[in-house]
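Asks: coords please:
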Amino acid sequence: MTPVPHLLLTDVVALAREAGAAILDVYAGEFDVTRKGDDSPLTVADLRSHRIISAGLAALAPEVPVISEEAELPPLAQRGAWDWLWLVDPLDGTREFVDRSGEFTVNIALIHRQVPVLGVLHQPLSGVDYYAAAGGGAFRQGRDGVAERIAARPRIEGPPRVVGSRSHRGSRLDPFLARLGPHEFRPLGSAAKFGLIAEGSADLYPRVGPTSEWDTAAGQAIAELAGAHVVGRDGRPLRYNARETLINPDFVCYADPSRPWHEFL
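Replies: Residues are numbered from 1 along each chain as shown. All right, here's what the predicted structure looks like:
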C-alpha cells in the first residue's frame, strides 16, 4: 500500500497531540534527567512520547518503517532501500524541557525517496500546531482548534527577522549574523523556528552546528510546502536517509529568493 500524505495528516496531528499530553504530564511534576552517549539529556517524557508515536504510526501505516531519536538506528544498507519512512523526534528541545522554558516540540515527518512530504510540529505547552502534507498545503492551528492556511513571506522588507537556536548560538552563528548586517534576532528553542518561517513571521533561520535529521525533517516539510526553502551550504535542499550518518550539514531556511542566503553560512 502506498501512503497518501495528505490523507494521513489529520491522524498524525492527533498522534502528536497525544504524545504532547504525555509530555506535559511529566513536565508538571518532578523528573530525572539522564545522559545519552552523546551527552544529550534524556527524560521519561522522551521515552513516553516515543512509545506513543511508534505504536500509533505502526497502527496507522504498518508498512512504513520508523526512525526515531529514541530507537536504534538501522544501518544504511538496510534503511537505504526504503522508499518511505517516518522520521520522529519524540521531544525536540529536551534541554528546553529540562530548563522549563516551554520551547519544545513533537516532530513527526514522512519521507519519500529522501524528500520530506509530510510534517507535523506540535508545541505541547502552547497547544499550537504547524502541519503540512504534499497535496494539502501548510497550516497553523491554535488551541481553539481553528486551522489557518499559512505562507512564508517571499520578500523581506526592512532588516531580516532572524530566528536561531537558544541553546546553540555560540561562536559560529555570530559570524553569520555579522555578515548579514542589520537584522532582528529572536532566540527560540526546538523546531518551532521552521513554523515562524512558514507562517511569515520570521525571514531567516540559519543553523551552523550539528542537528539530526529528525530535528529538521518535519519543519522542512512545513516550510517548503508554505513556500520557503531549506538548503545547505551548496544551495541544495536537505535530503534524508541518504547517508550513514543522520547529522545534517549547516543550513539556512528562508523564503525570499532575492539573495543567496546560503553563502552567508
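
Asks: Every contact and neighbour count from this point should use C-alpha atoms.
Replies: Noted.

Asks: in the stretch 1-150 of the chain, which spans are strands?
Replies: Secondary structure of the stretch 1-150 of the chain, counting by DSSP state E, counting those that start in this stretch: strands at 34-35, 41-42, 66-68, 84-92, 105-112, 115-123, 128-133, 137-141, 147-149.

Asks: Those: which one's closest to P175?
Replies: strand 84-92 (25.7 Å; CA to CA).

Asks: What pairs with the closest one, parallel or antiparallel?
Replies: Neighbouring strands of strand 84-92 in its sheet, by DSSP bridges, are strand 66-68 (parallel), strand 105-112 (antiparallel).

Asks: Could you look over these and pick the most buried one?
Replies: strand 105-112 (a mean of 29; mean count of other CA atoms under 10 Å).

Asks: to the chain's geometric centre, what's the distance from it?
Replies: 7 Å (CA atoms, centre = their mean, to the nearest Å).

Asks: Now do that strand against strand 128-133: the angle between them, please.
Replies: Here strand 105-112 runs at an angle of 0 degrees relative to strand 128-133 (axes from the mean of the first three to the mean of the last three CA atoms, to 10 degrees).

Asks: that older thread, select, out of the strands paired with strand 84-92, the one closest to L246.
Replies: Evaluated over those, closeness to L246 peaks at strand 66-68, with 10.4 Å, by CA to CA.

Asks: neighbouring contacts of that closest one?
Replies: Contacts of strand 66-68 with the rest of the structure, by CA atoms under 8 Å, 6 or more residues apart in numbering, involve H50, S54, L57, L73, L85, W86, L87, V88, D89, P90, W214.

Asks: could these be laid out in TSV, adding distance to P160?
Replies: Output for the contacts of strand 66-68, formatted as TSV (distance: CA to CA, whole Å):
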residue	distance to P160
H50	36
S54	38
L57	38
L73	38
L85	35
W86	33
L87	31
V88	30
D89	29
P90	31
W214	27
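
Asks: could you dump these to a markdown table with neighbour count?
Replies: Listed next are the contacts of strand 66-68 as a markdown table, based on neighbours: other CA atoms under 10 Å:
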| residue | neighbour count |
| --- | --- |
| H50 | 22 |
| S54 | 20 |
| L57 | 20 |
| L73 | 14 |
| L85 | 22 |
| W86 | 23 |
| L87 | 26 |
| V88 | 29 |
| D89 | 28 |
| P90 | 30 |
| W214 | 25 |
